[in-house]
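>>> sequence? don't have it. structure:
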């Protein structure tokens, strides 16, 4: 009876799966921004480019060297996903993004917004 393959599976209560969102406060270093929707599945997460700095989850400063992109919000943008620490898909729909970013021209403003 215990080895019967046609025995119905026991009923388990439906539990909402905990969807783990990407923490924008942990993304730094070499980043590749993907825009091709066909390659979205290969990306670490999706990001929305916020037009207003007040609503962005992360303020990003573009570094000119990989060596200086060592803190939150400091990104060195690369041209190839093969050399990136993070590959992020850029979406134009805010609801489909894991987090939103805004580029800043000042290094001191780069970082994560406390929520």
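Happy to help now that I have it. Source: prediction; values computed, not measured.
>>> show the model's pLDDT score for the residue nearest the centre of the chain.
By C-alpha atoms, centre = their mean, the chain has its centre lying nearest to residue 45, at 3.8 Å. As predicted, residue 45 sits at a pLDDT of 94.
>>> was I right to think it contacts residue 100?
No. Using C-beta atoms under 8 Å as the test, residue 45 is too far from residue 100 to be in contact (11.6 Å). Placement of C-beta: from N, CA and C, glycine included.
>>> can you pull the contacts of the residue nearest to the centre of the chain?
Contact partners of residue 45, counting by C-beta atoms under 8 Å, 6 or more residues apart in numbering, are 22, 86, 88, 89, 98, 99.
>>> distance-wise, check the third one relative to residue 108.
Which is residue 88. Taking C-beta to C-beta, to the nearest Å as the measure, residue 88 falls 23 Å from residue 108.
>>> quick one: end-to-end distance for stretch 39-56.
24 Å (C-alpha to C-alpha, to the nearest Å).
>>> for that stretch, buried residues please.
Neighbour-count burial for stretch 39-56, counted by 16 or more other C-beta atoms under 10 Å, picks out 40, 43, 44, 45, 46, 47, 48, 49, 50, 56.
>>> for stretch 69-82, same thing?
So, applying 16+ other C-beta under 10 Å, buried residues of stretch 69-82: 69, 72, 73, 74, 75, 76, 78, 81.
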